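Enquirer: Sequence first, then the predicted structure, then my questions.
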Amino acid sequence: MKIKHVNNKKDLIRFIKFQWEVYKGNPYWVPQLISDLKLLFDEKKNYFWEHAEKKLFFIEDENGKILARAAGVIDYNFIKFHNEQVGFFAFFECLNLKNAKEVSSMILSAVEGWLKEKGMKKILGPTAPSTNDEMGLLYEGYDLEPVLMMPYNPHYYHELLISYGFKKAKDLYAYKITRESLERQRVEKLIDMIKKKNPGLVVRPVNLKNFKQEIAYAVEIYNAAWEKNWGFVPWTEKEFVSQALRLKPLLKPEFVLFAFVENNPVGMMISVPNYNEVLKKLNGRLGPIEILKFLYYKNKIKSLRIMVMGVKKEYRNRGIEGVMYYHTMLEGLKQGYEWAEISWVLEDNVMMNRAAESLGGVIYKKYRVYEKDIS
């Protein structure tokens, strides 16, 4: 076996397409668009790489077949914000081989060695590539398809990481809310009570005609509301705008909510239709036939992902989170969506867990983030 690193476009495509080999025959895995993955790694088009660097590794056998892959990632904004020399292992994949522990140890050792050379003291992950992207390994819910921008992986990955010396850093939860769970909770009275206690509260959808101002509100709320969250790192304005523009064609304004108290922006919630229901049918490609499939199936999506939710610290514990959840679910049910996933939520984020449970949310998937000291 040989360890190699990606240093040309051909290697990058092989690195990306290795997932198709790992998940061959798995009915639950949803392929991302290859074009999106290429953009993710593009240092000229993805503004994340302005303050981060990476090295992509893969292992080949004697016949040139890839057996495993992983990347080392250093986000200098994360290091500056947390004042900790933490590097990430990212994009980890490994075939289910008899010697999988040996193979995975080789690839992880290559990542660790590179991070140590760069002065890192701890490894955290897996990420794809940062804590603002896909994060963690699924460890409950293998018989369910992932929703948009959430990871999926084989069950044996946990054993591979533990055998190498990783330990649990944090668990992340995904909640499922359905029409029935909303009705069981009888939340209308609770929402009315919250609104009476917050007489200046206004929850409204995004105004796409005033996109620049709305982005400014979003950046302000995001960086204030998540500041003390575990693993948080502020997005730069260029990153936030780029991500917003990328998501804009997929967004429905009625599912992007801002909360104001006396005209002061205090919270936001961003939900998107679960386009994984469509991506499942495209197999990573977006040619003419796939575009026709996308246009046909996007109107048949039955689920939502509530992917961003935050309230500024001084306005928490007032129920504002619940009001935004409720508005989103009502609108979703009105439009024919059958259920929504709230993800991800930190296991020890009491406020967010209570808000999800107050609407009848049930934890139906769990993810785990791992860490390892390398000092």
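Expert: Sure thing, it's come through.
Enquirer: all contacts plus neighbour counts: C-alpha atoms, from now on.
Expert: OK.
Enquirer: What are the contacting residues of the helix or strand of the chain with the lowest mean pLDDT?
Expert: When the helices and strands of the chain are compared on mean pLDDT, DSSP states H and E, helix 179-185 comes out lowest with a mean of 74. Under the criterion C-alpha atoms under 8 Å, 6 or more residues apart in numbering, residues 333, 338-339, 358-361 lie in contact with helix 179-185.
Enquirer: The residues you listed: which two are farthest apart?
Expert: Spatially, the most separated pair among those is 338 and 358, at 18.4 Å (C-alpha to C-alpha).
Enquirer: Just the buried positions in the biggest helix by length in the chain, please.
Expert: Counting residues, the longest helix found in the chain (DSSP state H) is helix 100-117. Of the residues in helix 100-117, 100-101, 103-108, 110-112, 114-116 count as buried by neighbour count, 16 or more other C-alpha atoms under 10 Å.
Enquirer: export these to a markdown table and tack on pLDDT?
Expert: Converted to a markdown table, these look like this (pLDDT from 0 to 100):
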| residue | pLDDT |
| --- | --- |
| 100 | 97 |
| 101 | 97 |
| 103 | 98 |
| 104 | 98 |
| 105 | 98 |
| 106 | 98 |
| 107 | 98 |
| 108 | 98 |
| 110 | 98 |
| 111 | 98 |
| 112 | 98 |
| 114 | 98 |
| 115 | 98 |
| 116 | 97 |
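Enquirer: low-confidence ranges in the stretch 251-375 of the chain?
Expert: Within the stretch 251-375 of the chain, not a single segment meets pLDDT under 70.
Enquirer: in it, which spans are helices?
Expert: In the stretch 251-375 of the chain, the segments counted as helices under DSSP state H, counting those that start in this stretch are 276-279, 288-297, 320-334, 350-358.
Enquirer: about what we covered before: could you identify the helix or strand that succeeds the longest helix of the chain?
Expert: The first helix or strand that comes after helix 100-117 along the chain, using DSSP states H and E, is strand 122-128.
Enquirer: Can you name the residues in contact with that following strand?
Expert: 85-92, 112, 133-137, 169, 369-375.
Enquirer: Against which helices or strands is the helix or strand following that strand packed?
Expert: Sequence order places strand 134-135 as the next helix or strand after strand 122-128, per DSSP H and E. Packing partners of strand 134-135 (3 or more C-alpha pairs under 8 Å, 6 or more residues apart in numbering; DSSP states H and E): strand 122-128.
Enquirer: where's the strand it packs on relative to the chain centroid, distance-wise?
Expert: Chain-centre distance of strand 122-128: 13 Å, with C-alpha atoms, centre = their mean, to the nearest Å.
Enquirer: relative to helix 100-117, how tilted is that strand?
Expert: For strand 122-128 against helix 100-117, the angle by axes from the mean of the first three to the mean of the last three C-alpha atoms, to 10 degrees is 110 degrees.
Enquirer: Begin at 30, not 1, for the rest of this chat.
Expert: Sounds good: first residue 30 from here, last item strand 151-157.
Enquirer: Give me the nearest residue to the residue with the largest distance to the centre of the chain, chain neighbours excluded.
Expert: In terms of distance from the mean C-alpha position of the chain, residue 91 ranks first, at 35.5 Å (C-alpha atoms, centre = their mean). With C-alpha to C-alpha, 6 or more residues apart in numbering as the criterion, residue 91 has its nearest non-adjacent residue at 6.1 Å, and that residue is residue 30.
Enquirer: And for residue 69?
Expert: Distance criterion C-alpha to C-alpha, 6+ apart; nearest residue to residue 69, sequence neighbours excluded, is residue 75 at 6.0 Å.
Enquirer: ok, the one you found to residue 154 distance?
Expert: From residue 75 across to residue 154, the span is 20 Å (C-alpha to C-alpha, to the nearest Å).
Enquirer: can you check residue 137 too?
Expert: Residue 137 sits 11 Å away from residue 154 when distances are taken as C-alpha to C-alpha.
Enquirer: Pull up the overlap in contacts between these two.
Expert: Jointly contacting residue 137 and residue 154 under the rule C-alpha under 8 Å, 6+ apart are residue 118.
Enquirer: which one of the helices of the stretch 280-404 of the chain is the most hemmed in?
Expert: helix 305-308 (a mean of 22; mean count of other C-alpha atoms under 10 Å).
Enquirer: any residues touching that one, and which ones?
Expert: Taking C-alpha under 8 Å, 6+ apart as the rule, helix 305-308 contacts 59-62, 175-177, 322-323, 326-327, 330.
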